[in-house]
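**Q** fold the following and give me the result.
(one chain, ligands or ions: 1)
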Amino acid sequence: MATNADDRVEIARTEEGGRKGGGYAVQIVEGEETGGGFKLNLEALKQVLLHPDVVNRPVVIVSVAGAFRKGKSFLLDFMLRYLQHSDESEWLSNKEESLVGFSWKSGSRPDTNGILMWSEPFVRTIPHTGEEIALLLMDTQGAFDTRSTVKQNATIFALSTMLSSIQIYNLMSQIQENDLQHLQLFTEYARLASDYLSEKPFQSLMFLVRDWYHLGDNKYGDSGGGEYLQSVLEVHYGQQEELSVTRKHIYFCFDDIRCYLMPHPGMKVAVGGKEFSGQLKHIDEDFVDHLKQLMPTILDPVNLVVKKISGNVITGKKLVHYVESYVKIFQA
Ligand code: GDP
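**A** The predicted structure follows:
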């Protein structure tokens, strides 16, 4: 559990270069090494959700899920950097700064299994309502990895989808049929546990496709992603029933579904290695340009989606109770 002081990956509070923030990754759900179970770290969860800036505020939870070693934590660390800068023009100005936050590593061994949250909340005002919310970041590790059991994978993905207001489904190169089948299976698992059988159970879903190569078919970004998504999720006459059922289920489960196509970040990032610590000078320009576009798409106050369950706005305090009851259902 990452709440132990020794395990904390802490960012020093700094205002240098316009960056202001601190915090560390806190493990709230942990997969057990043997037996296929998992456990909730209630104290860790309370530490994040009962923080004075969160406890009575509506929450916005941004979660990233998908197979391991596909750049989820790398992306989350850029989200942190974006959120910790008050000036949008500044956040990518330092080319030498190492990327810190949620741990990210090269290699093929998953180093965390479960759900992590960043300890530092970000208070923002939603422009059209004037409402002050607390934004929190969530990293989901171990779902889809071969070391975890199907039940663990399903539980981790299901829980993170139930808790988040936007689930970012991080995929490499393209959206494949088995990615959609996983999504169908895991969201069905979540839907049954949450008891919302008649209404849309979840909020936003974003397919984030990394290393997009098929530029002849669709351009990078939001609009290329939208066209690509339409072609992938199309339900049409004469389609095999199994394929239509999967697509209809996905449409049914989410209020809003989007897709963003990201360029390859360059070989220094892909290969990783000891001397690479995430500095911008080693990342391809195209990728950096798309980070600049992607971050406000997800994190600008205009685009934030407040967490709701059964139509009710959820505060930090309420979310603690929901997490406890969801976990009990999955453990039963
Ligand atoms: P996670 O397990 O999904 O959280 O993956 P990490 O964020 O720890 O990254 C795993 C490896 O992928 C690291 O070596 C990163 O440098 C590399 N990486 C990060 N983003 C990308 C990307 O967009 N494309 C490629 N090919 N590699 C990436």
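**Q** what segments of the stretch 201-332 of the chain are helices?
**A** Using DSSP state H, counting those that start in this stretch, the helices of the stretch 201-332 of the chain run over residues 221-233, 241-253, 267-271, 285-299, 316-331.
**Q** now for these, which one comes closest to Val48?
**A** helix 316-331 (7.8 Å; CB to CB). For glycine as for every other residue, the C-beta is placed from the backbone atoms N, C-alpha and C.
**Q** residues making contact with that closest one?
**A** 28-29, 37-38, 40, 42, 45-46, 48-51, 54-57, 59, 61, 134, 155, 158-159, 162-163, 193-194, 307, 309, 314 (CB atoms under 8 Å, 6 or more residues apart in numbering).
**Q** related to what we said a few turns ago, out of the helices of the stretch 201-332 of the chain, nearest to Ile115?
**A** helix 316-331 (9.5 Å).
**Q** ok so, going back, now, which of the contacts of helix 316-331 lie within helices?
**A** Leu42, Leu45, Lys46, Val48, Leu49, Thr155, Ala158, Leu159, Met162, Leu163, Ala193, Ser194 (DSSP state H).
**Q** now list the buried members of the residues you listed.
**A** In these, burial by neighbour count holds for Leu45, Lys46, Val48, Leu49, Thr155, Ala158, Leu159, Met162, Leu163, Ala193, Ser194, counting by 16 or more other CB atoms under 10 Å.
**Q** tell me which residues touch the residue of the chain found nearest the ligand, please.
**A** In the chain, no residue comes nearer to the ligand than Gly71, which is 2.6 Å away by CB to the nearest ligand atom. Going by CB under 8 Å, 6+ apart, Gly71 touches Trp104, Asn170, Arg210, Pro265, Val269.
**Q** and those residues, which of them are in strands?
**A** Cross-referencing those against strands under DSSP state E gives Asn170, Arg210.
**Q** from the contacts of Gly71, which two are the most distant?
**A** Asn170 and Val269 (14.5 Å).
**Q** now do the SS call for the most centrally placed residue in the chain.
**A** Nearest to the geometric centre of the chain sits Val64, at 1.6 Å (CA atoms, centre = their mean). Using DSSP: H, G, I helix; E, B strand; the rest coil, the structure places Val64 in strand.
**Q** I'd say it and Phe74 touch.
**A** No: between Val64 and Phe74 there is no contact under CB atoms under 8 Å: 9.9 Å.
**Q** need the nearest residue in space to Asn218, chain neighbours excluded.
**A** Gly224 (3.9 Å; CB to CB, 6 or more residues apart in numbering).
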